[in-house]
Each structure stands twice: as structure tokens, then as C-alpha cells.
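Trainee: Could you look at this predicted model? Sequence included:
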Amino acid sequence: MQLTANIQNYHFNHILLNAAGVMCQTTTELDTVLTSKYTGSVVTKSATPAVRPGNPSPRYYELNHGLGTINSMGLPNEGFDYYMNYVSAKKTDKPIFFSIAGLSKQENIDMLHQLQDADFDGLIELNLSCPNVPGKPQTGYDFEATEQILTEAFAFFTKPLGVKLPPYFDIVHFDDIAAVLNKFPLAFVNTINSIGNGLVIDENTDTVVIKPKAGFGGIGGTLVKATALANVRALRNRLNTTIKIIGTGGVTTGRDVYDHILCGADLVEVGSQLAIEGINVFERLETELTEILTAKGYTSLDDVRGQLKVIS
Ligand SMILES: C=Cc1c(C(=O)O)[nH]c(=O)[nH]c1=O
């Protein structure tokens, strides 16, 4: 069974990896994902220039019945240099994604300059969609700001660059963000990030379940699958074919991975379910995906990618 993918000249022998933010903050976590037999890559926790402790706890909660998660981590990370040291020293045949999420356009530009000049041969993910930094909007919802930062970035940046987007919920917004992204030689688009600013209540105490922002946090897991598939499909149908798609959101079974591929995803990321189930989730998902492909008579993901049918 051919379960591979390519982004520019980077080859992935498996299509699964973690979603930024899950099992990727420390070198131990990064190695756990990277060395799994069932992952094609690893993405770092989104880095800021300085170390950040993040928001006060409780800041993460798993909903009952596997429905998903809510988080308001607040961008805790070990700082840009920590991840630069990790990716620079790492000896691996798997491509690595380096995620950045500066608190300002200038912070992002400064980190991109450092990445451009660094001896790092991997892919860079510019996170435009963190919903949990109080007072900071999700840049991905500001189309002018998105175009501005990409214009400034591509004035000097020549390494493989992609963006992590928030979910969109309006057809015109799919059109608008795609029109912006198609202006740039992006290597990939990763969609979706968590659905920002959801609210979950503890029914025993009539209280929100996380402390930051009076309980408002990003929603992930099963609850977001329909939105994730829609964003993958909508952007695949609108973006230049040179821009590959990483599908993220709502992946808890092999069927969910298959559905992301049907919608056009080249790679598929696992967030909430990885946090809930642990590293073994990747073997289970690949096993379940292979069973589905075999049952349908497919021998390669290329037979499936983008082949979602509509009702004519
Ligand atoms: C980078 C910060 C993010 C965070 C966070 O650190 O709170 N949570 C998310 O669900 N998505 C993010 O992009």
C-alpha cells in the first residue's frame, strides 16, 4: 500500500504527523513523534522569540464521550532558539516542520530571517491562527494583514514556507483567503487550527472548564471534523496545485484520515486524539486507513486524493 506524499522536494513515507501544539513542546516529545514508525514527520510547537509559560491552568480539557478538547494554552513554548537547536542537531531522514507564531508581524519576520540564514533544511509553518493569546487577533481572519506579512516574507524568504490557517465558515471567505494565498509561492497550507473561542461547561459545578479568558478556548477533535473537511475541500478546489494541503482537525479514526485525503489533503495531522490516546494513535490510524483502502481495492493514496464525489 502506497501511503506516501510529497511537498516540493520533501518526501514523506507516511502521511501522518502531530498537529502543532500536541506532543511537540520538548525535545523528548518531538523525538517521540519523529521516531514513530507510523509518522512521516513532526511539527514543533509554534515558537515565539522568547520562552513563554503560557496561560494559567486549567487551560486544557477533554470533553466526555471523546467529543474533543478545548484549550487555551496561551502559546507556551521553549523559545525559538530551543527549536532551532533541535532541528539543526536532529539526524533524521524525515522532513521536519518548524512552526512559528510571533506576537507581531515583526516578530514573525525576524524569526523568518533567522530561519532563512540558518543551516536548517526543512519546512516552515507560519501560524496565523492562534486563538488564545489575549488581545491578539487571529491574523488569518484579516486578509489584508495576511497578504502584508506574506508579501514581506517572500521578499527575502526562499525556503519552503506554509501557513496554518483558522477555520473559515463562509464561501466568500474561502474565495478571499484563496485569492490572497494564490499570490505567493507557498509550499503548503495547513487547515484547520482549532475553532477559536468555544465554551464548555462542567455540568456538576455550572462552571467553565478552563481558567483563561473566562473559559473561552479553541475547540478540537470530533466536534470540528465537518468544518475541517470543508476547509480542506474548499481550499483544495481554490488553491494553485503547487500549494499542497495539510489536513488537520477531527481525526480520530482511519476513516477520518481517509475523508481528509478524499477532500484533497496530502498530509494529515492529529491533534486532540493524539493528546487523548498517546503515540499509539498513529499505528491505529494507519492500520484502519489501510483496511479501508484495501476493502475499496485501492493500492495508493493517489487513487483517493481529491476524489470526493458530489451529487450531480
Ligand atoms: C499557537 C498557539 C495555539 C494554541 C495555544 O498555544 O493556545 N492553541 C491552539 O489551539 N492553536 C494554536 O495555534
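Mentor: Done, it's in.
Trainee: List the residues that contact Val304.
Mentor: Going by C-beta atoms under 8 Å, 6 or more residues apart in numbering, Val304 touches Tyr258, Ile261, Leu262, Leu293, Tyr298. For the C-beta atoms, the positions are set from N, CA and C on the backbone; glycine is no exception.
Trainee: Which of those sits closest to Thr242?
Mentor: Ile261 (18.8 Å; C-beta to C-beta).
Trainee: Let me know the helix or strand that the closest one is in.
Mentor: Per DSSP states H and E: Ile261 is located in helix 254-263.
Trainee: ok, back up a step: name the nearest of the contacts of Val304 relative to Arg238.
Mentor: Out of these, the member with the shortest distance to Arg238 (by C-beta to C-beta) is Leu262, at 16.8 Å.
Trainee: That closest one reaches Val310, doesn't it?
Mentor: No: Leu262 lies out of contact with Val310 (C-beta atoms under 8 Å); the separation is 11.6 Å.
Trainee: okay, those two: which has more neighbours?
Mentor: Each of Leu262 and Val310 has its neighbours counted (other C-beta atoms under 10 Å); Leu262 has more, 18 against 5.
Trainee: I'd like to know how far that one sits from Leu301.
Mentor: Shown here: Leu262 relative to Leu301, a distance of 10 Å by C-beta to C-beta, to the nearest Å.
Trainee: Check Ala228 too.
Mentor: Separation of Ala228 from Leu301 (C-beta to C-beta): 18 Å.
Trainee: Those two - which one has more neighbours?
Mentor: For Ala228 versus Leu301, neighbours defined as other C-beta under 10 Å are more numerous around Ala228 (27 against 21).
Trainee: per-residue pLDDT, that one?
Mentor: On pLDDT, Ala228 comes in at 99.
Trainee: cool, and Val133?
Mentor: pLDDT recorded at Val133 is 89.
Trainee: Nearest residue to it in space, please, no chain neighbours.
Mentor: Of all residues not flanking Val133 in the chain, Leu75 sits nearest, at 5.6 Å (C-beta to C-beta, 6 or more residues apart in numbering).
Trainee: got it, and Glu291?
Mentor: Gly254 (6.7 Å).
Trainee: wait, isn't that neighbour in contact with Leu285?
Mentor: Yes: with contact defined as C-beta under 8 Å, Gly254 reaches Leu285; the gap is 5.4 Å.
Trainee: So those two - more neighbours on which side?
Mentor: Per other C-beta under 10 Å, whichever of Gly254 and Leu285 has more neighbours is Leu285, with 26 against 18.
Trainee: Give me the mean pLDDT for the helix or strand that contains Tyr83.
Mentor: Here Tyr83 is covered by helix 80-89, with elements defined by DSSP H and E. The average pLDDT for helix 80-89 rounds to 97.
Trainee: In terms of secondary structure, what does it contact?
Mentor: Where contact means 3 or more C-beta pairs under 8 Å, 6 or more residues apart in numbering; DSSP states H and E, helix 80-89 is packed against strand 96-100, helix 105-117.
Trainee: can you list the ones you listed in a markdown table and add mean pLDDT, distance to Arg59 and mean neighbour count?
Mentor: Formatted as a markdown table, the helices and strands packed on helix 80-89 follow (pLDDT from 0 to 100; distance: least, C-beta to C-beta, whole Å; neighbours: other C-beta atoms under 10 Å):
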| stretch | mean pLDDT | distance to Arg59 | mean neighbour count |
| --- | --- | --- | --- |
| strand 96-100 | 98 | 19 | 24 |
| helix 105-117 | 98 | 22 | 16 |
